[in-house]
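Novice: Structure here, sequence nowhere to be found:
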């Protein structure tokens, strides 16, 4: 195979005709597949069937988990999360079934009540800006957008957010926080380097109530190789007197059941005391039955890490299928680059500039729904129109192979359209 | 027994000495009992043991309830709530495990985003006032207080809130809503009369975004006699073009498990569309596994009403014990009056003015924790210092009898202290 970038105009025209024909045939086949979201597959959900069916004893360390009370949740559930995240029990609040909701509620409280070190609620401010490393998680940006924040894009490097830029922006007191997925970042799948973590932990933002939103969604979500230990952000921040800066979030959504697992947040003791005062008006407690059930099923950190290997056994062949297909069929053509992650839920692909939206449209026309091009950028605006997020988890391996056939053809067709100026 | 109000000074002194002695003896007995919250008893929780232990099929009307998606929840769960509340399916959003949280979030969204008919988010207003029929539910008032609202007390009558007063206050555009528990109101246990409901439904508040917070917490919670049908507030409001005014809330917390059941809210279709747009930033969906499990267990409205009779069989003897004891030992003394509810979770008692806090303190000293005196009023301030909320559900019948022994002695002692000006 010859790189498209080295082809003559005539060769490109020929290639275009041939790929166009392939595309028309593929369209006729009438695929119908949704690869737009990082949803676990049925096989993964089945790993937790026992969770749904085990005989259930409601007494737990002397507490009847079925009744009202205990704002911050069952202590054994908090202990399990504390062990997984490497933080102290006192720092953990066991929540409901969604870490996204906990993140939203944290931001909402900043608006309605202000954070611990706020001079006033953010709703009273003329302007709030938030740093959005991108490509990133669209639902983070949606939260910020929903509150009317100004979203500031920060390019991702291979080690994490561009820290030179971050350090420049935080001089502005209107900049109130940053969204981070530090381990197997969504979508690039990279792990923030120690250097980047140190620079984040040592930030001295002009805003005294700056929040480091630390969404550790993929904290134990290796699918390739052993569990990778990860720095405790609170210890790192404490070195610089910044222990009140981070709020960490995690959940079992991609360990047990998406949207029916248990989420948690972790914060400094001072933040926890402040948040508990506010949360006491919002709830009596989250679902302690589900928290208890999860502890019975997941047991502890060691068992969770072991359990994640079952997910890995299902996930790895799918990621291999994506990356191997791209390596075989696309790499030689020089029309895209991509990450090769060892954990998380996505393969992040960079097509030729100006091609992502077109690829998305071509896929859609052929029955393959990908995440919207641009969705991984604030306001849905990828300045290069290049990034596409591939979510291989939900389809079966067979479906994934068909999907990659379609995707590669669309990738080639869009590149050829650009190169032949069609 | 002679009424204290008809006793001579000497008789009162003798009675005081005797009651004081009884109180000292009771203190020595060293009771330890908490009657402060409307918590279901273990026997009630056990009614739902099957819910926690039934074999669980995750497929429901073609949907795998274990995976992400479906913002407004499982359709069969929404249908069940729609039937129970007598509203249309389109009006129901199936939530998490707490209706209190849904109420808080509704108010929070009014602050951060504004309601459908708001000119601006409430956070941008200098002042927000909220009508608080009282005695009422302390957690409602806590929500309002948490957002810095000015709480306006509205006296409760035997038919519901004093509507003359409500109609006067809503002429003020700063008055943005009212808290209502329309069926077996907390704590008085009365059902709003048709007249009051009609006047509420026909309100023309100066604030275009006035919210009728309709907390139907006890919608099927009769413990004495058959299910009492109740008006659909949306139909009533629609008669006056007010269909966007009410937000109704309910949950299975006191049907299945407190804090581990399923909550819902109902609203006009226009409000629902508006709220779903906002909620889409906060969550993907609430726990659909728990929603599905609940539908399997509770089935439908008819079955729920039947199931509630099992609760009634546990609750009625306890309420009888409270009311009968009061009738026997306190009524003749003329020192208190109380409601005799047929549903809900409380007996609301009015002691002689100025005695409630003292009674609470005396009970506490004797090891009996009652709801704080004043807790049923905004800011915890009962102007008459008279109302006490008795929550008979949690103790066993034997414990309840001991508790009532203590309570009656404290009631008498406080009255005697007042009458003898001690």
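Specialist: Received the coordinates, thanks. Please read all numbers here as calculations on a predicted model, not as lab measurements.
Novice: Residue A:87 contacts residue A:234, correct?
Specialist: Yes. Residue A:87 is in contact with residue A:234 according to Cβ atoms under 8 Å; the separation is 5.9 Å. Where you see a C-beta, it was placed from the backbone N, CA and C, and this is true even at glycine.
Novice: Mutual contacts of these two, please.
Specialist: Common contact partners of residue A:87 and residue A:234 (Cβ atoms under 8 Å, 6 or more residues apart in numbering or on different chains): A:248, A:266.
Novice: So between those two, which is more surrounded?
Specialist: Comparing residue A:87 with residue A:234 by other Cβ atoms under 10 Å in any protein chain shown, the one with more neighbours is residue A:234, at 24 against 21.
Novice: element containing that one, please.
Specialist: helix A:233-238 (DSSP states H and E).
Novice: partner strands of the helix or strand following that helix, parallel or antiparallel?
Specialist: The first helix or strand that comes after helix A:233-238 along the chain, using DSSP H and E, is strand A:246-251. Strand pairing for strand A:246-251, determined by DSSP bridges: strand A:211-215 (parallel), strand A:263-266 (antiparallel).
Novice: how far does the first one sit from the chain's center?
Specialist: Between the centre of strand A:211-215 and the centre of its host chain there is 12 Å, according to Cα atoms, centre = their mean, to the nearest Å.
Novice: And the contacts of that strand?
Specialist: Contacts of strand A:211-215 (Cβ under 8 Å, 6+ apart): A:99, A:103, A:106-107, A:110, A:115, A:137, A:140, A:176-182, A:200, A:203, A:233, A:237, A:245-249.
Novice: average pLDDT for it?
Specialist: Mean per-residue pLDDT for strand A:211-215: 98.
Novice: Show me the strands in the stretch 101-250 of chain A, by range?
Specialist: Using DSSP state E, counting those that start in this stretch, the strands of the stretch 101-250 of chain A run over residues A:129-134, A:150-157, A:160-161, A:175-180, A:211-215, A:246-251.
Novice: Show me the contact partners of the last one.
Specialist: This means strand A:246-251. So strand A:246-251 is in contact with A:81, A:84-85, A:87, A:97-99, A:102-103, A:106, A:211-217, A:219, A:233-234, A:237, A:261-268, A:271, going by Cβ under 8 Å, 6+ apart.
Novice: same question, the third one
Specialist: Contact with strand A:160-161 is made by A:131, A:133, A:154-155, A:178, A:180, A:182, A:185, A:190, A:192-193, A:196-197, A:200, as judged by Cβ under 8 Å, 6+ apart.
Novice: now the helices for the stretch 201-350 of chain A?
Specialist: A:233-238, A:269-282, A:288-298, A:301-329 (DSSP state H, counting those that start in this stretch).
Novice: tell me the most buried of those helices?
Specialist: Of all these, helix A:288-298 has the most neighbours on average by mean count of other Cβ atoms under 10 Å in any protein chain shown, namely a mean of 24.
Novice: How about the contacts made by residue A:43?
Specialist: residue A:314.
Novice: Doesn't it belong to a strand?
Specialist: No. Using DSSP: H, G, I helix; E, B strand; the rest coil, the secondary structure at residue A:43 is helix, not a strand.
Novice: got the residues of the stretch 101-250 of chain A near chain B?
Specialist: Proximity of the stretch 101-250 of chain A to chain B, by Cβ under 8 Å from any Cβ of the partner chain, involves residues A:101, A:104-105, A:108, A:111-113, A:121, A:123-124, A:139, A:142-143, A:145-147.
Novice: Same check on the stretch 251-400 of chain A?
Specialist: Checking the stretch 251-400 of chain A against chain B by Cβ under 8 Å from any Cβ, the hits are A:253, A:257-260, A:278, A:280-290.
Novice: centroid residue for chain A?
Specialist: Nearest to the centroid of the C-alpha atoms of chain A, with distances taken as Cα atoms, centre = their mean, sits residue A:186, at 3.8 Å.
Novice: Would you list the phi and psi of that residue?
Specialist: phi -90, psi 120 (degrees, to the nearest 10).
Novice: roughly how far apart are residue A:228 and residue B:30?
Specialist: 56 Å (Cβ to Cβ, to the nearest Å).
Novice: So the two - more neighbours on which side?
Specialist: When residue A:228 and residue B:30 are compared for neighbours, residue A:228 comes out ahead with 14 against 8, by other Cβ under 10 Å.
Novice: Am I right that that one is in contact with residue A:192?
Specialist: No. Assessed by Cβ under 8 Å, residue A:228 is found out of contact with residue A:192, at 11.6 Å.
Novice: still on that earlier bit, I'd like the contacts of strand A:160-161 as a markdown table, with distance to residue B:1 and pLDDT appended.
Specialist: Below are those laid out as a markdown table (distance: Cβ to Cβ, whole Å; pLDDT from 0 to 100):
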| residue | distance to residue B:1 | pLDDT |
| --- | --- | --- |
| A:131 | 74 | 98 |
| A:133 | 76 | 98 |
| A:154 | 78 | 98 |
| A:155 | 84 | 97 |
| A:178 | 72 | 98 |
| A:180 | 71 | 98 |
| A:182 | 72 | 98 |
| A:185 | 76 | 97 |
| A:190 | 81 | 96 |
| A:192 | 77 | 98 |
| A:193 | 82 | 98 |
| A:196 | 79 | 98 |
| A:197 | 75 | 98 |
| A:200 | 74 | 98 |
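Novice: Mind checking which of those residues are buried?
Specialist: By neighbour count, with 16 or more other Cβ atoms under 10 Å in any protein chain shown, those hold A:131, A:133, A:154, A:178, A:180, A:182, A:185, A:190, A:192, A:196-197, A:200 as buried.
Novice: Which one of these is nearest to residue B:70?
Specialist: Within the buried ones among the contacts of strand A:160-161, proximity to residue B:70 (Cβ to Cβ) peaks at residue A:185, which comes in at 27.3 Å.
Novice: Count the residues that sit near residue A:124.
Specialist: By other Cβ under 10 Å, neighbour count at residue A:124 equals 12.
Novice: Tell me how far it lies from residue B:121.
Specialist: In terms of Cβ to Cβ, residue A:124 sits 11 Å off from residue B:121.
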